[in-house]
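# A structural model of the following input is requested.
(2 chains)
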2 protein chains.
Amino acid sequence: MGRTLERVGDTWSLMILRDALQGLTRFDQFEKSLGVAPNILTRRLSALVEDGFLERRPYQQRPVRHEYVPTDLARDFAPVMTALMAFGNRHYAVEGAATQIVEAASGRVVEPVMVDRDTGLSIDDPRFTVAAGPAAGEATRARLAQVAARRPEGELP
Amino acid sequence: MGRTLERVGDTWSLMILRDALQGLTRFDQFEKSLGVAPNILTRRLSALVEDGFLERRPYQQRPVRHEYVPTDLARDFAPVMTALMAFGNRHYAVEGAATQIVEAASGRVVEPVMVDRDTGLSIDDPRFTVAAGPAAGEATRARLAQVAARRPEGELP
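Predicted coordinates for the structure are as follows:
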């Protein structure tokens, strides 16, 4: 998680990535959508390109202009965005949601939940737990040992 | 999403929240786990308390010492953490995962996926789309109109 947050762990990067996944591609579109200062936007877009979340490619010659298109890596990040959007809608959208996921045909509002791919059980089912992986260092193992000792059932991750 | 990120949209807050959800409660535990400077940790913990993610309560008298316990709001944020962890494990854990979700009884590694609560369909199924909610402003509607025009099927949110 630390390595992910090193790359996208700031508000602007996450907002740019959200907009990119929702179809914005051009500098002025991000600038207008987010109200972000141009120098910050330039820096964040470059970082997202460098980290493989956006592909920079020309959409016009003379003068050359570039657009920023989400990569497969960015698309694989969509569940994080969906979880953030759902959380925000549950807790901070006092006047109703600004954006939400719907079933296109019916307009039904979809409630996204996290489940185990194999069984379909909710990920906060008490039979699941967070555990040290093969690359866990000593600090991680010590932290997780405390989890095992203290965590009430169903509290994840 | 913006309102959520105003509160927890920085790396330290997210890392503290992850540790808190995994069972750490004390200042020195967070400090050791994250290698974060004490002044930053103090500020971030206060902000998380103020925003309702952590409850600060005494666990010892003479001298009084406090611990930080995740609230229901923080627990409801767990899917964001789970999605971040899964993404990191898929892309940056070249040497294997440090932490992962497992089925406690069998040790089977769980792959968390985001689905529609009602139908169980993957949230990136092309029949779902992101749409303006009741409180969408003009900027959001304009942005989402572009999504509808440009988004390939199945790209979310």
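
# my read: A:Gly101 touches A:Arg108, true?
Small correction: residue A:101 is Ile, not Gly. No. Applying C-beta atoms under 8 Å, one finds A:Ile101 not in contact with A:Arg108, separated by 9.8 Å. No exception for glycine: its C-beta is placed from N, CA and C like everyone else's.

# those two: who's more crowded?
With neighbours defined as other C-beta atoms under 10 Å in any protein chain shown, A:Ile101 and A:Arg108 compare such that A:Ile101 has more, 26 against 14.

# what helix or strand is the more buried one on?
Using DSSP states H and E, A:Ile101 falls within strand A:99-103.

# run the chain-centre distance for that strand.
In terms of C-alpha atoms, centre = their mean, to the nearest Å, the centre of strand A:99-103 is found 16 Å from the chain centre.

# mean confidence score for that strand?
In this model, strand A:99-103 has a mean pLDDT of 92.

# ok, now stretch A:42-51?
Mean predicted confidence for stretch A:42-51 is 96.

# ok, residues contacting stretch A:76-90?
A:8, A:14, A:17-18, A:21, A:53, A:97, A:99-101, A:111-112, A:114, B:1-5, B:76-77, B:79-80, B:82-84, B:86-87, B:90-91, B:112-114, B:123-124, B:133, B:155-157 (C-beta atoms under 8 Å, 6 or more residues apart in numbering or on different chains).

# among those, which ones are buried?
Buried members of the contacts of stretch A:76-90, scored by 16 or more other C-beta atoms under 10 Å in any protein chain shown, are A:8, A:14, A:17-18, A:21, A:53, A:97, A:99-101, A:112, A:114, B:1, B:4-5, B:76-77, B:79-80, B:82-84, B:86-87, B:112-114, B:123-124, B:133, B:155-157.

# on that earlier part again, filter the contacts of stretch A:76-90 down to just the ones in strands.
A:99-101, A:112, A:114, B:112-114 (DSSP state E).

# next up, phi/psi of the closest residue in space to A:His91 that isn't next to it in sequence, please.
Using C-beta to C-beta, 6 or more residues apart in numbering or on different chains and skipping the chain neighbours, the partner closest in space to A:His91 is B:Leu73 (6.6 Å). Note on B:Leu73: its backbone torsions stand at phi -60, psi -50 [degrees, to the nearest 10].

# and chain A, what are its domain boundaries?
A:2-76, A:117-157 (automatic domain parsing).

# worst average pLDDT in the ones you listed?
Taking the mean pLDDT of the domains of chain A, domain A:117-157 comes last: a mean of 79.

# which helices and strands sit right next to the strand holding A:Ile101?
helix A:78-91, strand B:128-132 (3 or more C-beta pairs under 8 Å, 6 or more residues apart in numbering or on different chains; DSSP states H and E).

# ok, A:Ala105 - contacts?
A:Ala105 neighbours (C-beta under 8 Å, 6+ apart): B:Arg127.

# residue contacts, the residue nearest to A:His91?
Here B:Leu73 is in contact with A:91, B:52-53 (C-beta under 8 Å, 6+ apart).

# now A:Gly137
Per C-beta under 8 Å, 6+ apart, neighbours of A:Gly137: B:Ala98.

# and it, its phi and psi?
phi -90, psi -180.

# if we can go back for a sec, columns distance to B:Asp28 on top of the ones in strands among the contacts of stretch A:76-90, output as a markdown table?
Formatted as a markdown table, these follow (distance: C-beta to C-beta, whole Å):
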| residue | distance to B:Asp28 |
| --- | --- |
| A:Thr99 | 40 |
| A:Gln100 | 41 |
| A:Ile101 | 41 |
| A:Pro112 | 37 |
| A:Met114 | 31 |
| B:Pro112 | 31 |
| B:Val113 | 36 |
| B:Met114 | 35 |
